[in-house]
Each structure stands twice: as C-alpha cells, then as structure tokens.
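> Coordinates for the following, if possible.
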Amino acid sequence: MTQYAFAFDSSRCTGCKTCELACKDYKNLDATVAYRKVYDYEGGSWDVASDGTCKTTAFVYHVSMSCNHCDNPACVRVCPTGAMHKDADTGLVSVDADKCIGCGYCHMACPYNAPKVDRVVGHSVKCDGCADRVAKGLEPICVGACPLRALSFGTVEEMSALGERAAISPLPEPSYTNPNLYILSNPDAKPADSDAGTVANPLEVM
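Okay, here's the model as predicted:
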C-alpha cells in the first residue's frame, strides 16, 4: 500500500488561509464547513529588566491542517458502520455517505477535529485528500493554491524527509494516532500540547 501524506513548512506560512478557501471552493462547502483550517497560535509577553529596559517574548505562528490520514485513525476505530474507512491503496481516510448514520462518534474521537457531521446532508464529512485529483496524478487543491508553497503532498517516504511527524502546538502528541502530517518547524514553534500560547482564532477552527 502507498501511504500518502501532507508536509507543512511552518516557517513559510503567513496565515493567509488561501489553502482553506481553495478547498471550500473546490468542494463547494457551506460557510459553516471547512475541511482545512489554519490555526493562529500566539503567546508571550514582555520582560522588564532591572535597568528598566524591556524585551519581548511574544510569538505568533500558523498551522495549516486538514485530515491527517493517520496510520491509526481514531475516527475509523470508533465508526460503528464502517462508513469511515482507510483506503487500502492510498491510505487516505474518507466517508462512505451511504453507510454513515451521522452518529458523530468520528468527530468526538478525532484529536484533530477533522470529521464533522453535516446535518444538511445527513452524514459526516471531511477532507479525503482530494482523492479524485490524486487518482489523476494531481495534487490536492490546497497544496497547489498555497502562494508561499508551505504545503506539499506525496508518499509518506517523500514527506517525512521534509519535516518531523506533527508535534507542535496547538496539535496534540502524534502518538495518539500517528498522523501523516510532517512539519518543518519555525523558530518559535512550541512542542505539542504546550500551554505556552493559545489559539487566537478558535471560532474559525471549531
């Protein structure tokens, strides 16, 4: 089996959200649904020295993330009908709408908040890695849309050479599901599950 993966260069990303909007346009998503989300993570303060001079410890960086098509996807493990499944040829995780009953277990189990139950269509929805494009030898639409080339897509062997398995905040520890997202960290990046900062745009990434 070929396992496809994403890579993300967090030193390039400016948080423009072009990847997110390109995905919404290509997939014709409702305003309330996003398959790819960009987290704005920030923190720090000011330190005042004894001589009265100030030094900032403030930081901000962005993390673009969709479904990570994990080696051990929590959504697949908890799905009671087999609707959420991992493709045997590509490793991409997708939803069989005909089997999905909209129970929401996948949404509750995923540590990356990737699947959502779309009550309008009556079943769970999520990023499928643009499987239709990949089958034609094309890259996912978000990758091609990124103006700063912060996103890459390919086999896990290719992507793992571009960074480390996703382990920066605000993402959880990768050991939970072994996500197929590899990140080249920026100098300000904090380790996974760190409380050094906060997500500044929580309503955008819920």
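
> helices and strands around the helix or strand of the chain with the lowest mean pLDDT, which ones?
When each helix and strand of the chain is scored by mean pLDDT, DSSP states H and E, strand 46-48 comes last, with a mean of 88. Applying 3 or more CB pairs under 8 Å, 6 or more residues apart in numbering; DSSP states H and E, one finds that strand 46-48 makes contact with strand 54-56. C-beta: built from backbone N, CA, C; applies to glycine.

> Return the distance of the helix ranked longest in the chain from the chain's centre.
Scanning the chain for the helix with the most residues, using DSSP state H, yields helix 18-26. Distance, stretch centre to chain centre, for helix 18-26: 14 Å (CA atoms, centre = their mean, to the nearest Å).

> buried ones in that helix?
18-24, 26 (16 or more other CB atoms under 10 Å).

> between those, which is nearest N201?
Nearest to N201 among the buried residues of helix 18-26, counting by CB to CB, is E20 at 11.2 Å.

> Would you confirm that the closest one contacts M65?
No - counting by CB atoms under 8 Å, E20 stays clear of M65, with 9.9 Å between them.

> any idea how far the residue minimising distance to the centre of the chain lies from P115?
The centre of the chain sits closest to M65, judged by CA atoms, centre = their mean, with a distance of 2.0 Å. M65 sits 13 Å away from P115, going by CB to CB, to the nearest Å.

> As a quick check, tell me the outermost residue of this structure.
Most distant residue from the mean C-alpha position of the chain: D51, 44.2 Å away (CA atoms, centre = their mean).

> Give the residues shared as contacts by E20 and M65.
Listed as contacting both E20 and M65 by CB atoms under 8 Å, 6 or more residues apart in numbering are 36-38.

> Just to be sure, which of these are found in strands?
Judged by DSSP state E, strands contain the following of the shared contacts of E20 and M65: 37-38.

> The shared contacts of E20 and M65 into JSON lines, with extra columns for neighbour count, distance to V120 and pLDDT?
Listed next are the shared contacts of E20 and M65 as JSON lines, based on neighbours: other CB atoms under 10 Å; distance: CB to CB, whole Å; pLDDT from 0 to 100:
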{"residue": "R36", "neighbour count": "24", "distance to V120": "19", "pLDDT": "98"}
{"residue": "K37", "neighbour count": "21", "distance to V120": "19", "pLDDT": "97"}
{"residue": "V38", "neighbour count": "21", "distance to V120": "24", "pLDDT": "98"}
